[in-house]
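Novice: Kindly return the folded structure for what I paste below:
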Amino acid sequence: MATRIRKTRAAEPALEVERVQTGVKIEKRLLKVLKALAEYHDMTLGDLLEGVVLHAFEGKHAFERGTLQRIEQLKKIYGLDLDARHSHRLREKEGA
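Specialist: Residues are numbered from 1 along each chain as shown. You can find the predicted model right below:
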């Protein structure tokens, strides 16, 4: 049986990029889940978002099964009841 060797992020060379600060509004409970997930993986929120977007741009899944289970737990904790079906229907509350 062949053993599959998996590269770790540490084994790959770092890529230098230019990052910019941005002011993005995002649904409050969604942000809480994202921040908690980033903390769980010991990474910054920006790093998490970059990874999710880069995977999405290639039509790939950003998370493994265990992480998806953790996300479900965090959604319950923070009362996040939104899913992909809601993505194009979100509107900010008046006066917010």
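Novice: what's in contact with stretch 43-61?
Specialist: Defining contact as Cβ atoms under 8 Å, 6 or more residues apart in numbering, one finds that stretch 43-61 is touched by 19, 34, 35, 37, 38, 41, 62. Bear in mind the C-beta positions are built from the backbone N, C-alpha and C, glycine included.
Novice: how about it: buried residues?
Specialist: residue 48 (16 or more other Cβ atoms under 10 Å).
Novice: export the helix or strand where residue 37 lies as PDB, just CAs?
Specialist: According to DSSP states H and E, residue 37 maps onto helix 28-40. Extracted C-alpha coordinates of helix 28-40, given in PDB (Å, rounded to 0.1, in the frame of the first residue of the first chain):
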ATOM      1  CA  LYS A  28     -22.700  40.600  13.300                       C
ATOM      2  CA  ARG A  29     -23.300  36.900  14.100                       C
ATOM      3  CA  LEU A  30     -21.400  35.800  11.000                       C
ATOM      4  CA  LEU A  31     -18.400  37.900  12.100                       C
ATOM      5  CA  LYS A  32     -18.500  36.300  15.600                       C
ATOM      6  CA  VAL A  33     -18.400  32.900  14.100                       C
ATOM      7  CA  LEU A  34     -15.500  33.800  11.800                       C
ATOM      8  CA  LYS A  35     -13.500  35.400  14.600                       C
ATOM      9  CA  ALA A  36     -14.100  32.400  16.800                       C
ATOM     10  CA  LEU A  37     -13.000  30.000  14.000                       C
ATOM     11  CA  ALA A  38      -9.900  32.000  13.300                       C
ATOM     12  CA  GLU A  39      -9.100  31.900  17.000                       C
ATOM     13  CA  TYR A  40      -9.700  28.200  17.100                       C
END
